[in-house]
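**Student:** Below: sequence and its predicted model.
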Amino acid sequence: MSIRAAWVLLAVLHTIPVIVGLRFGMLPGLAVMVVFHLLLVAAIFLPVLLGIGCGVRRFHTDGREVCITIDDGPTADTAEVLSILDHANAKALFFLIGARVAEEPALCLRIVAGGHELGNHTMTHATALFWSLLPSAQMREISGATAEIERAAGVYPRLFRAPVGFRNLFNAGVLRALGMRYVGWSARGFDGIDTNVERVVSRIMRSLQPGAIILLHQGRPHHVAVLRRLLAELHSGGWSVVIPEVLRAHTLR
Ligand SMILES: [Zn+2]
């Protein structure tokens, strides 16, 4: 959905309750408005509604291959994360926060030098706000992070993931205007809220399918333990960790 189409849809969704209100009374008009707003909120959690789209959530493969994505870096544990990945001969896709890249540009460069891929995870990671931003503010959040990543590592990320995955009607159009693509996930262990390594890894392993995109985070003590354990489980299950071409093709150097 383009930005213009999103505006038109919003205008329609706000005009219809007014018409209903004028024709049938305030209460029916109010009821229709509540239903429409519930629909808009539902679309944030179920983005396939209203044409927001899910982006890339898995990739095609004939083998036992998965892709690991790691959100919220660069953080103090980046060197350890990279060392664990190296040890397992695995490459990952890192969704970086622009403000953190600005503080630690060398870590951003180190990720790229290790053969990993970068994605944009907004400038400030405004978890509670990003889903409510208008197009111009979303542009600033995304372009700001891109500028920091480009400055730090000389790469231009064309992949994007919203904070906690919450997007609104405008996001697809904003990404299209910026020439970017949305990346979701198909397997996660809720490592953002659960610090129990066993539980997190077993949730991920239970939901794995060939071509799965796994969501992980970095920055807290249990995150490195989760990564280490997950890589061991994947190895013993015969899974290969790869960055598929569909995701590599979107970072220009
Ligand atoms: Zn995040």
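**Tutor:** Perfect, thanks for sending it. Given the structure is predicted, the values throughout are model-derived calculations rather than measurements. Residues are numbered from 1 along each chain as shown.

**Student:** Local confidence estimate at the closest residue to Arg220 other than its chain neighbours?
**Tutor:** Of all residues not flanking Arg220 in the chain, Thr195 sits nearest, at 7.4 Å (Cβ to Cβ, 6 or more residues apart in numbering). C-beta: built from backbone N, CA, C; applies to glycine. Predicted confidence (pLDDT) at Thr195: the value is 97.

**Student:** What is the neighbour count of Thr195?
**Tutor:** For Thr195, the count of nearby residues is 14 (other Cβ atoms under 10 Å).

**Student:** Ile3 against Leu175, yeah?
**Tutor:** No - counting by Cβ atoms under 8 Å, Ile3 does not reach Leu175; the two are 10.2 Å apart.

**Student:** Same drill for the two, tell me which one is more crowded.
**Tutor:** Leu175 (23 against 20).

**Student:** who's in contact with the helix or strand that one falls within?
**Tutor:** Secondary structure from DSSP states H and E places Leu175 in helix 171-178. Helix 171-178 is contacted from outside by 1-6, 51-53, 135, 138-139, 142-143, 146, 160, 162, 181-182, using Cβ atoms under 8 Å, 6 or more residues apart in numbering.

**Student:** Try it again at 7 Å.
**Tutor:** If you take Cβ atoms under 7 Å, 6 or more residues apart in numbering as the criterion, helix 171-178 is touched by 1-3, 6, 52-53, 135, 138-139, 142-143, 160, 162, 181-182.

**Student:** Same check on stretch 88-105?
**Tutor:** Contacts of stretch 88-105 (Cβ under 7 Å, 6+ apart): 67-75, 85, 108, 111, 115-119, 121-125, 144-145, 148-149, 151-152, 161, 231, 235, 241, 243, 247.

**Student:** Does Tyr182 belong to a helix, a strand or coil?
**Tutor:** At Tyr182 the chain is in strand, as set by DSSP: H, G, I helix; E, B strand; the rest coil.

**Student:** what separates the residue nearest the centre of the chain from Ser236, distance-wise?
**Tutor:** Centre of the chain computed as the mean C-alpha position; nearest residue by Cα atoms, centre = their mean is Arg161, 2.4 Å away. Using Cβ to Cβ, to the nearest Å, Arg161 is found at 29 Å from Ser236.

**Student:** Likewise for His60?
**Tutor:** Distance from His60 to Ser236, by Cβ to Cβ: 25 Å.

**Student:** repeat for Thr61
**Tutor:** Per Cβ to Cβ, Thr61 is found 19 Å from Ser236.

**Student:** Those two: which is more packed in?
**Tutor:** Thr61 (16 against 8).

**Student:** which residues does the residue nearest to that one when sequence neighbours are not counted contact?
**Tutor:** Excluding its sequence neighbours, the residue lying closest to Thr61 (Cβ to Cβ, 6+ apart) is Gly211, at 4.7 Å. Residues counted as contacts of Gly211 (Cβ under 7 Å, 6+ apart) are 58-61, 65.

**Student:** Could you do Glu141 as well?
**Tutor:** Glu141 neighbours (Cβ under 7 Å, 6+ apart): 122-124, 130, 133.
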